[in-house]
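Enquirer: quick one: sequence plus predicted model below, questions after.
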Amino acid sequence: MTNNGKTILIVDDDRTVCQFLSRLAQGEGLAPSVAFEGETALAKVQAECPDVLLVDLRMPGMDGMEVMRKAKAFDEDLPVILITGNAEIKGAVAAMKAGAHDYLAKPFNDLEVKRVILRALSERELKRKLKNLSCEVQQSGSLREILGPSDAVGQLITDINHVAKSDFGVVILGETGAGKEVMARAIHRASLRTNKPFVPVDCGAIPETLLEDELFGHEKGAFTSAVSKQSGKFEAAHGGTLFLDEISNMPLGSQAKLLRVLQEKSIYRIGSTKSIGVDVRVLVASNQDLQTLTDAGTFRRDLYFRLNEFTICIPPLRERRTDIIYLAKRFLDVTNVELQKNVTGFSESAIEALLSHSWPGNVRQLRSTIRRAVLLAEGIITDKHLDIVQLPNGLPGGVESRISEPQGIPPGDLPLKEMVRRNTMKLEREVLTQMLRRTGGNKAKAARLLQIDYKTMHTKVKEYCINLNAKEEYGQED
């Protein structure tokens, strides 16, 4: 049995223990190295970069806890296994809380020693692979990695290159799940502010009463629950970029205060009369056309002109068919690493299903679908593993597109389970839409009446792309 040259460092002042553990490690294809005290062990950690460290909890001089702490300062992902006597189990548990991977109690059980070591090796390898994938996403070609190889993505990259180095305000338009935050982060990474904070705020997920506190912060005693001073997102983003997602959900009163901040480059915490200067680039996103909302009077025209120095429109996934299979394969590879599986690809029926689906949830929905399919599949993903409801094709392509309500299903065309699922979706969407109309678009009030929490309401509205028209949303139905 081999482990591809993996190394293990064994540290114990008892030479017999080191010899015994070395033999077990060699039997598993590992290359053992030994040290009999802490200083030598730390020198070997830096010189040899072992894949696993076994260290006795109690040793003369530097004990196992200190060796672990200093070794992890050099290599934070190094799995450390503590060797302990039965009387020291509490100490071993405390060490695990401090960062140890596991512990082995004397006298040793051979099978248990092998199991713990191999599990530590497996987890270290997984961390390495995930870090490598993460690094790939951070490279200059990351938008191609994240969004796909289509010409439309190429145009998005061109748009970013045009605007990133400036301090222009940017409006990013796109349907739910299309990748608006990905675009905002790409602009930030390519900007002169790249080494400063990127702070995202989802205006649709924060109740109106809390939004200004979230953005501007508060002073101690500003309201009943303000037991201490709290900075807001503008201060957190100082020198960097503030990303306001779904800004179309921002109340008109808050819009006026945002406009003042952009003009004056200063904020007032709630409960304070002292201004605080802020140097922040503001990027905003919406799944609705802000120009249309300004015409309807539900979004301030002056704020729109202040924000909209440059516009980027992200095409929905159904209009970027060449990206679908590329992204599906990418999500498959990432999920294989995460789940430690080896799903090799997609059947023809799966590819056909992926390409024919309308993807109302865009890239976010595709990712969730592939993750679930990898979890269920063995060997290859078929259409049976794809948990997608095929909605009508040819949905409108604008940013205000809405999912058509699921149509009636002729008996016998689909399995009972799928028929029930589709009709449940239809009923749930109808109930949510009717309740939002009843409450004038107030999601918090609708959630209370339906006896669900606000986060669930917000998630469902996004999932079903429920966009009431402007008059309905603000309680002005004719």
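Expert: Cool, the structure landed.

Enquirer: can you classify Ser166 as helix, strand or coil?
Expert: coil (DSSP: H, G, I helix; E, B strand; the rest coil).

Enquirer: tell me what the helix or strand that contains Asp333 is packed against?
Expert: Assigned by DSSP states H and E, Asp333 belongs to helix 321-339. Packing contacts for helix 321-339, counted by 3 or more Cβ pairs under 8 Å, 6 or more residues apart in numbering; DSSP states H and E, involve helix 110-138, helix 142-147, helix 348-356, helix 362-376. Using the backbone N, CA and C atoms, a C-beta is placed for each residue, glycine as well.

Enquirer: any idea how far the residue lying closest to Thr344 once chain neighbours are set aside lies from Ser349?
Expert: Distance criterion Cβ to Cβ, 6 or more residues apart in numbering; nearest residue to Thr344, sequence neighbours excluded, is Ile380 at 5.8 Å. Noted for Ile380: a distance of 10 Å to Ser349, by Cβ to Cβ, to the nearest Å.

Enquirer: Lys106 too?
Expert: Taken as Cβ to Cβ, the span from Lys106 to Ser349 is 56 Å.

Enquirer: ditto for Ala120
Expert: From Ala120 over to Ser349 (counting by Cβ to Cβ), the distance is 40 Å.

Enquirer: what does stretch 189-197 contact?
Expert: By Cβ atoms under 8 Å, 6 or more residues apart in numbering, the surrounding residues in contact with stretch 189-197 are 138, 142, 160-161, 164-165, 188, 236-241, 281.

Enquirer: of the residues you listed, just the buried ones, PyMOL syntax please.
Expert: Filtering these down to the buried ones (16 or more other Cβ atoms under 10 Å) takes a single PyMOL command:
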select buried, resi 142+160+164+188+236+237+238+240+241+281
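
Enquirer: can you tell me which of the contacts of stretch 189-197 are in strands?
Expert: The members of those that map onto strands under DSSP state E are Thr241, Arg281.

Enquirer: of all the contacts of stretch 189-197, which two lie farthest apart?
Expert: Spatially, the most separated pair among the contacts of stretch 189-197 is Asn161 and Ala236, at 27.4 Å (Cβ to Cβ).

Enquirer: for Ser266, give me its contacts.
Expert: Ser275, Ile276, Gly277, Val278.

Enquirer: oops, could you answer that again for Gly148 instead?
Expert: Arg320, Thr322, Asp323, Ile324, Tyr326, Leu327.

Enquirer: one more pass at 6 Å, please.
Expert: Gly148 is in contact with Asp323, Tyr326, Leu327, counting by Cβ atoms under 6 Å, 6 or more residues apart in numbering.

Enquirer: for Arg260, same thing?
Expert: By Cβ under 6 Å, 6+ apart, Arg260 lies in contact with nothing.

Enquirer: show me how the chain divides into domains.
Expert: Annotated domains of the chain cover 7-131, 142-313, 318-394, 405-478 [automatic domain parsing].

Enquirer: how about Ile276: what's its closest non-neighbour residue?
Expert: Ile276's closest residue in space is Ile267 (Cβ to Cβ, 6+ apart), at 5.4 Å.

Enquirer: secondary structure class for the one you found?
Expert: What three-state DSSP gives for Ile267 is strand.

Enquirer: what about it, how many neighbours?
Expert: 24 (other Cβ atoms under 10 Å).

Enquirer: what about it, distance to Arg23?
Expert: 66 Å.

Enquirer: for Ile157, same thing?
Expert: Separation of Ile157 from Arg23 (Cβ to Cβ) stands at 56 Å.

Enquirer: can you check Ala444 too?
Expert: Relative to Arg23, and taking Cβ to Cβ, Ala444 is found at 65 Å.

Enquirer: out of those two, which sits in the more crowded spot?
Expert: Per other Cβ under 10 Å, whichever of Ala444 and Arg23 has more neighbours is Ala444, with 14 against 11.

Enquirer: pretty sure the more buried one belongs to a strand, no?
Expert: No. Looking at Ala444 with three-state DSSP, it is helix, so not inside a strand.

Enquirer: show me the contacts for it.
Expert: Pro207, Tyr454.

Enquirer: mind checking pLDDT for Thr424?
Expert: On pLDDT, Thr424 comes in at 74.

Enquirer: mind checking the SS state of it?
Expert: On the basis of three-state DSSP, Thr424 is classed as helix.

Enquirer: count of neighbours near it?
Expert: So Thr424, with other Cβ under 10 Å, has 11 neighbours.

Enquirer: pLDDT weak spots in the stretch 51-200 of the chain?
Expert: 86-97, 129-142 (pLDDT under 70).

Enquirer: one more pass at 50, please.
Expert: Along the stretch 51-200 of the chain, segments meeting pLDDT under 50 span 134-141.

Enquirer: identify each of the helices in it and give its residue range.
Expert: Remark: helices assigned in the stretch 51-200 of the chain by DSSP state H, counting those that start in this stretch are 64-74, 89-97, 110-138, 142-147, 151-163, 180-189.

Enquirer: out of the ones you listed, which one sits most buried?
Expert: helix 180-189 (a mean of 22; mean count of other Cβ atoms under 10 Å).

Enquirer: confidence score at the residue nearest to Ile276?
Expert: Value for Ile267, per-residue pLDDT: 93.

Enquirer: that one and Arg281, how far apart?
Expert: Ile267 is 15 Å from Arg281, by Cβ to Cβ.

Enquirer: also Lys274?
Expert: From Lys274 to Arg281 the distance is 24 Å (Cβ to Cβ).

Enquirer: same thing with Ile466?
Expert: 31 Å.

Enquirer: equivalent analysis for Ile314, please.
Expert: 19 Å.

Enquirer: right, I'll call it a day here.
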